[in-house]
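J.: with the sequence up front, the predicted model follows.
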Amino acid sequence: MDMGSGRGRSTAIPYISPASLNLTHVYEQNRQRVQKQDGTKAEGGGGPSGQGAARGKPRLLLMGQRRSGKSSISSVVFHKMPPSETLFLESTARVQKESMKSFMDFHVWDFPGQIDVFDTPGYDMDAIFGEIGALIWVIDAQDDYLEAVARLNSTILDLQRQYSNINIEVFIHKVDGLSDDYKLDIQRDITIRIQDELSDHGFENAPVTFHLTSIYNHSIFEAFSKVIQKLIPRLGTLEAMLTSLCRTCRFEKAYLFDVLSKIYIATDSAPVDMASYEICSDYIDVIIDISEVYGTWPRSEEQRRQLEGEPWNMPLEDQISTVWAESCVVISDGNKPIMLREVDTYLALVAIMKEGTHDKMPLVNMNVDVVVKGLIDFFEITKAKGQGIGGVGPPELGQES
Ligand SMILES: Nc1nc2c(ncn2[C@@H]2O[C@H](COP(=O)(O)OP(=O)(O)OP(=O)(O)O)[C@@H](O)[C@H]2O)c(=O)[nH]1
């Protein structure tokens, strides 16, 4: 795939690369398919608490008992609230609807614990569950969960009858402080209770997934990553790009992060381990903090003159390997470099390299450049049109490092 040629041509007809053409084609196919599926659905009007949401944006619905931790989860993941400050959050009285600007725009709706939308008149079910998205049901694992499970069971049954496509993600939450054995016991117990109820009613393959979560560690980000990944069509293409990058550059693990929430939206095919996720995610924080202190790329004329003068005597653009944010550190324990490359305003590629490979950085940079351009192409067209996400085949990488 030739992604570099054609840039900078001064011709009246805009150059369209084969990749863009391919993407436009895939996007059109997706759009027509979605339109066909959506043709019969009514336009959403929202619940009693207010305005409806724009169509076409995936929606995450946070539901569960009072004080189970819904608002805390949303504040920690999407607003960077320190977990200890959630102690002071007030109980939610009305549905809180937020629109998240991210690599794909989505909505997060936080429902008050006391409201059961299926039992409360006035809620437009189509407006709540009509969009593609996920229902995140939060269960407080430190409390008696039988009532929460009973409510979840009746909600799943209602959803299965009318909106069987919505993913149901059960967050068995507040598992910090619980022993590993106890966590697994609770998860097994809740899973059995839900599956038994579903099969009693003839629903064998309901899309229900269970996650053990806590806002006091990375488990909540990991769980959200998995929830969001299910909403990305053609995730396999992203994974293929990252797997191929890891092979070519001898990376141990690569993650594509949403920088603001630190949800990873794709990774290579090697198994995810919490330690590598944590270190990459913490590294983003370091880079953000440094950029906040020292500012990003705009430089004064004076600074530029100094940088371009003696002893280098060349334009700044020729001295740096990329115009985007880029960084690399070597971790002393194990001598494994971590590299980070900004993809666009929202996304960053972070990878853990194998021991002793930092002398290969020029080749690594070259290959990362190709993948970053591929990723930008992947997201560009569909983002501009404000709908789902299309995809292209993995870019061809350069030389192996
Ligand atoms: N130990 C622990 N406490 C948590 C966790 N998440 C949330 N909490 C605490 O749980 C309490 C209730 O959290 P909220 O986020 O207000 O709960 P909610 O589900 O939004 O409650 P309603 O708005 O009443 O429906 C707060 O004191 C949080 O600090 C967690 O992962 N672990």
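T.: That came through fine. It should be emphasised that the depicted structure is a prediction, and the values quoted were computed from it without experimental measurement.

J.: need the three-state assignment for the residue of the stretch 101-250 of the chain found nearest the ligand.
T.: Residue nearest to the ligand within the stretch 101-250 of the chain: G113 (2.9 Å; C-beta to the nearest ligand atom). Where C-beta positions appear, they are placed from N, C-alpha and C, glycine not excepted. Secondary structure for G113, judged by DSSP: H, G, I helix; E, B strand; the rest coil, is coil.

J.: which of the helices or strands spans the closest residue in space to it that isn't next to it in sequence?
T.: Once flanking residues are discounted, G113 sits nearest to R66: 3.1 Å by C-beta to C-beta, 6 or more residues apart in numbering. Secondary structure from DSSP states H and E places R66 outside every helix and strand.

J.: wouldn't R66 be in contact with Q114 here?
T.: Yes - the pair R66 / Q114 is scored as a contact, 5.8 Å apart, by C-beta atoms under 8 Å.

J.: tell me what H107 is bridged to.
T.: Beta-bridge pairing for H107 (DSSP bridges): R59, S99.

J.: so how many other residues sit close to it?
T.: H107 has 17 neighbours, counted by other C-beta atoms under 10 Å.

J.: do D268 as well
T.: D268 has 23 neighbours, counted by other C-beta under 10 Å.

J.: I figured it hits E239, correct?
T.: Yes - when contacts are counted by C-beta under 8 Å, D268 is listed as touching E239 (6.5 Å).

J.: all strands for the stretch 301-401 of the chain, in order.
T.: Using DSSP state E, counting those that start in this stretch, the strands of the stretch 301-401 of the chain run over 326-331, 336-342, 347-353.

J.: who's in contact with the last one?
T.: Under the criterion C-beta atoms under 8 Å, 6 or more residues apart in numbering, residues 103, 245-246, 249-259, 265, 276, 279-281, 283-284, 287, 325, 336-343, 364, 368, 371-372, 375, 379 lie in contact with strand 347-353.

J.: who wins for proximity to the ligand among the strands of the stretch 301-401 of the chain?
T.: strand 347-353 (24.8 Å).

J.: can you give the strand pairings for that closest one, parallel or anti for each?
T.: When DSSP bridges is applied, strand 347-353 pairs with strand 251-258 (antiparallel), strand 336-342 (antiparallel).

J.: now, of the strands of the stretch 301-401 of the chain, which is deepest in the fold?
T.: For the strands of the stretch 301-401 of the chain, the largest average neighbour count (mean count of other C-beta atoms under 10 Å) is found in strand 347-353, namely a mean of 24.

J.: for the helix or strand hosting I284, name the packing helices and strands.
T.: Using DSSP H and E, the element containing I284 is helix 274-294. For helix 274-294, the elements it packs on are helix 219-229, strand 251-258, strand 263-267, strand 326-331, strand 336-342, strand 347-353, judged by 3 or more C-beta pairs under 8 Å, 6 or more residues apart in numbering; DSSP states H and E.

J.: pLDDT score assigned to I228?
T.: For I228, the pLDDT comes out at 89.

J.: correction: the previous question concerned I190.
T.: So I190 comes in at 94 (pLDDT).

J.: is the helix or strand where it lies in proximity to the ligand?
T.: Using DSSP H and E, I190 falls within helix 180-200. No - using C-beta under 6 Å from any ligand atom, helix 180-200 stays clear of the ligand, with a minimum separation of 12.4 Å.

J.: and whatever helix or strand comes next after that helix, what's buried?
T.: Per DSSP H and E, the first helix or strand lying C-terminal to helix 180-200 is strand 208-212. Neighbour-count burial for strand 208-212 flags 208, 210-212 (criterion: 16 or more other C-beta atoms under 10 Å).

J.: between these, which is closest to F221?
T.: F221 lies nearest to H211 out of the buried residues of strand 208-212, by C-beta to C-beta, at 11.0 Å.

J.: V170 versus that closest one, what's the distance?
T.: Taking C-beta to C-beta, to the nearest Å as the measure, H211 falls 7 Å from V170.

J.: how far out from the middle of the chain is the lengthiest helix in the chain?
T.: Using DSSP state H, we find that the single longest helix of the chain is helix 361-385. On the basis of C-alpha atoms, centre = their mean, to the nearest Å, helix 361-385 sits 17 Å off its chain's mean C-alpha point.

J.: for stretch 103-110, same thing?
T.: When distances are taken as C-alpha atoms, centre = their mean, stretch 103-110 is centred 10 Å away from the chain's centroid.

J.: and the gap between G236 and N165?
T.: Relative to N165, and taking C-beta to C-beta, G236 is found at 19 Å.

J.: neighbour count: those two, which is higher?
T.: Between G236 and N165, counted using other C-beta under 10 Å, G236 has the larger neighbour count: 13 against 10.

J.: dihedrals phi and psi, the more buried one?
T.: phi -60, psi -40 (degrees, to the nearest 10).
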